[in-house]
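Asker: Got a sequence here, can you model it:
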Amino acid sequence: MDLQQRARSAFAIVLEAMTRRQSRLRADRDIRTLTIKLIEKVEAVAEPEDWPVSEYTDDFRQYHPGDSAIWERFFFHAMFVSTDLADCLCFLRAGGAILIPDAAYGYIIRPVIGGHGYRSQSEYDRMKQPLRKWQADIIRILRLLHYEQRRYARYEEGRLEL
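Answerer: Numbering: from 1, shown residues only. Model prediction:
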């Protein structure tokens, strides 16, 4: 079997395993880490025309422009995990959510209650409920966003190390 056939076979097995809750491959931390790293590497070198075609806009930008660019990158990274995840995040933001820098997670998502935001904490809690299944992915992306933001700040200061 040549390399291309072996890769096709292995990827098919991994993709199928990721759809089942009770899967040894899905539960294997090394397989998950390798899969995430492979996806990120492919995304980094892939041609832009091969990226997901969905486009997400920040509908809460007019009320909280300070974190808008970060939210747009959040949507972008989320698309590669699942368009459903990106949709949920987009709806969450549009209802009134902001990103706050956090030492442990890079950023945390906080609701805006009142004004142009959510009417209540319970309304926000209901809105974020579907995101639970992507908790690990969200944390990974929030950390990545913080890393990207730090690198961009160093670039702007003219002291980016390679």
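
Asker: just the helices in the chain please.
Answerer: Per DSSP state H, the chain carries helices over the ranges 3-19, 24-27, 29-45, 68-81, 83-96, 121-128, 135-156.

Asker: Quick one: closest of those helices to residue 61.
Answerer: Comparison of those against residue 61 by Cβ to Cβ identifies helix 68-81 as nearest, at 4.2 Å. Where you see a C-beta, it was placed from the backbone N, CA and C, and this is true even at glycine.

Asker: Tell me the buried residues in the closest one?
Answerer: Within helix 68-81, the residues scored as buried using 16 or more other Cβ atoms under 10 Å are 68, 70-81.

Asker: Domain ranges for this structure, per the record?
Answerer: Following automatic domain parsing, the chain resolves into domains at 1-47, 52-162.

Asker: any idea how far residue 93 is from the closest residue in space to residue 63 that isn't next to it in sequence?
Answerer: Spatial nearest neighbour of residue 63, excluding adjacent residues (Cβ to Cβ, 6 or more residues apart in numbering): residue 116 at 4.5 Å. Distance from residue 116 to residue 93, counting by Cβ to Cβ, to the nearest Å: 12 Å.

Asker: neighbour-wise, which of these two wins?
Answerer: Per other Cβ atoms under 10 Å, whichever of residue 116 and residue 93 has more neighbours is residue 93, with 25 against 11.

Asker: which residues does that one contact?
Answerer: For residue 93, the contacting residues are 58, 59, 60, 71, by Cβ atoms under 8 Å, 6 or more residues apart in numbering.

Asker: Which one (most neighbours) among the residues you listed?
Answerer: Going by other Cβ under 10 Å, residue 71 tops the contacts of residue 93 with 27 neighbours.

Asker: Which pLDDT value does the model give that one?
Answerer: Residue 71 carries a pLDDT value of 93.

Asker: Tell me the buried residues in stretch 134-154?
Answerer: 134, 137, 138, 140, 141, 142, 144, 145, 146, 149.

Asker: Now residue 78: closest residue in space that isn't a chain neighbour?
Answerer: Once flanking residues are discounted, residue 78 sits nearest to residue 86: 4.0 Å by Cβ to Cβ, 6+ apart.
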